[in-house]
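# the following block contains a protein sequence and its predicted model.
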Amino acid sequence: MKLLLFGGTFDPPHNGHMRLLQSAIDAVQPDKVVVMPAGIPPHKAASATPASLRLTMCQCFAPLHPNLTVSDWEIGRGGKNYTIDTVRMLEERYPGAEIFLSVGSDMLTTFTQWREWQSLLQKTTLVVQSRYSGDGADLAAAAQKLEAAGGRVIFAHAPVLQAASSDVRAGKLGMDALPPLVQHICKQYHLYEKS
Ligand SMILES: Nc1ncnc2c1ncn2[C@@H]1O[C@H](COP(=O)(O)OP(=O)(O)OP(=O)(O)O)[C@@H](O)[C@H]1O
Ligand SMILES: O=C(O)c1ccc[n+]([C@@H]2O[C@H](COP(=O)([O-])O)[C@@H](O)[C@H]2O)c1
């Protein structure tokens, strides 16, 4: 069984995330997809948006695959969430599964800063989607280093959709950058409104 893991802070999920996940699904053709919103991401400050709302907003990904789960496992654990722990949990829950890890450009180029990254490379295949025009050379160089360390890296080739959650939070990106379900929840709970 091929299992595709997509983790993020998702504060909020935006159309760039949708593009990344769709491109990874197209590249991998997984049997199962697990979307994993982080409780506290390892290299960022904790999110001001309640975890329960980020979890609900992640339902926007559900239409992308018939066997997609939005998991509350990292949120429920508390503390900082490291992907190696999540992958170990998935290995126990789905014995024998081939695990693919979906990441954007910034995550590939900083991958060697992740906790136990060498173990993660052994346990997963990275699936990368570019998020900035012109970052191809950086991504190729990062992939080459990871492959030299024994990793497997697949490139998804969807066109870049430049969007960032931080731009939504800062009011630099409007609601049209968000999937309809996320827009609806934002309106309902008055999220990301600038006074
Ligand atoms: N526009 C995009 N295109 C492709 N991948 C993206 C895009 N935006 C985010 N990603 C990827 O999605 C994953 C989760 O990202 P995250 O939830 O941190 O969103 P973000 O937009 O990077 O947030 P922030 O702006 O707050 O840092 C990461 O692997 C990231 O590289
Ligand atoms: O495990 C790590 O050391 C690690 C370091 C940086 C990022 N990650 C994971 O990568 C995903 C995207 O992270 P972020 O901070 O961009 O939301 C999310 O699932 C994080 O838990 C994981």
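Arrived safely, thanks for sending. Quantities reported herein were computed from a predicted structural model and do not represent experimental measurements. Numbering: from 1, shown residues only. Ligands and ions are numbered 1, 2, ... in the order given.

# residue contacts, residue 101?
Listed by C-beta atoms under 8 Å, 6 or more residues apart in numbering, the contact partners of residue 101 are 4-5, 7, 83, 87, 120, 124-127. (C-beta placed from N, C-alpha, C; glycine too.)

# residues of stretch 179-188 that come out buried?
Residues 179, 181-183, 185-186 are the ones in stretch 179-188 that count as buried (16 or more other C-beta atoms under 10 Å).

# related to what we said a few turns ago, return the subset of the contacts of residue 101 lying in strands.
Using DSSP state E to define strands, the subset of the contacts of residue 101 located there is 4-5, 7, 124-127.

# the residues you listed also near ligand 1: which ones?
Among those, proximity to ligand 1 is found for none (C-beta under 6 Å from any ligand atom).

# for these, which one is nearest residue 192?
Relative to residue 192, the closest of the ones in strands among the contacts of residue 101 is residue 7; by C-beta to C-beta it sits at 21.2 Å.

# which phi and psi does the nearest residue to residue 175 once chain neighbours are set aside have?
Spatial nearest neighbour of residue 175, chain neighbours left out: residue 183 (4.9 Å); criterion: C-beta to C-beta, 6 or more residues apart in numbering. Dihedral pair for residue 183: phi -60, psi -40, per degrees, to the nearest 10.

# on that earlier part again, of the contacts of residue 101, which is the nearest to ligand 1?
residue 7 (6.8 Å; C-beta to the nearest ligand atom).

# number of nearby residues for the residue lying closest to the closest one once chain neighbours are set aside?
Distances taken as C-beta to C-beta, 6+ apart put residue 36 closest to residue 7, at 4.3 Å, once the chain neighbours are dropped. The local packing of residue 36 (other C-beta atoms under 10 Å) involves 23 other residues.

# give the contact list for residue 36.
5-8, 71, 73-74, 86.

# any idea of the mean pLDDT for the helix or strand residue 139 falls within?
Element membership for residue 139, per DSSP states H and E: helix 136-148. Helix 136-148 shows an average pLDDT of 96 in the prediction.

# what lies in contact with it?
With C-beta under 8 Å, 6+ apart, helix 136-148 has contacts from 105, 108-109, 111-112, 121, 126, 128, 130, 153, 155.

# turn those into CSV, including distance to ligand 2, pLDDT and neighbour count.
CSV is the format used below for those (distance: C-beta to the nearest ligand atom, whole Å; pLDDT from 0 to 100; neighbours: other C-beta atoms under 10 Å):
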residue, distance to ligand 2, pLDDT, neighbour count
105, 11, 93, 19
108, 11, 96, 24
109, 11, 96, 18
111, 8, 98, 23
112, 10, 97, 12
121, 12, 98, 21
126, 11, 98, 23
128, 12, 97, 27
130, 15, 95, 23
153, 15, 98, 20
155, 18, 96, 16
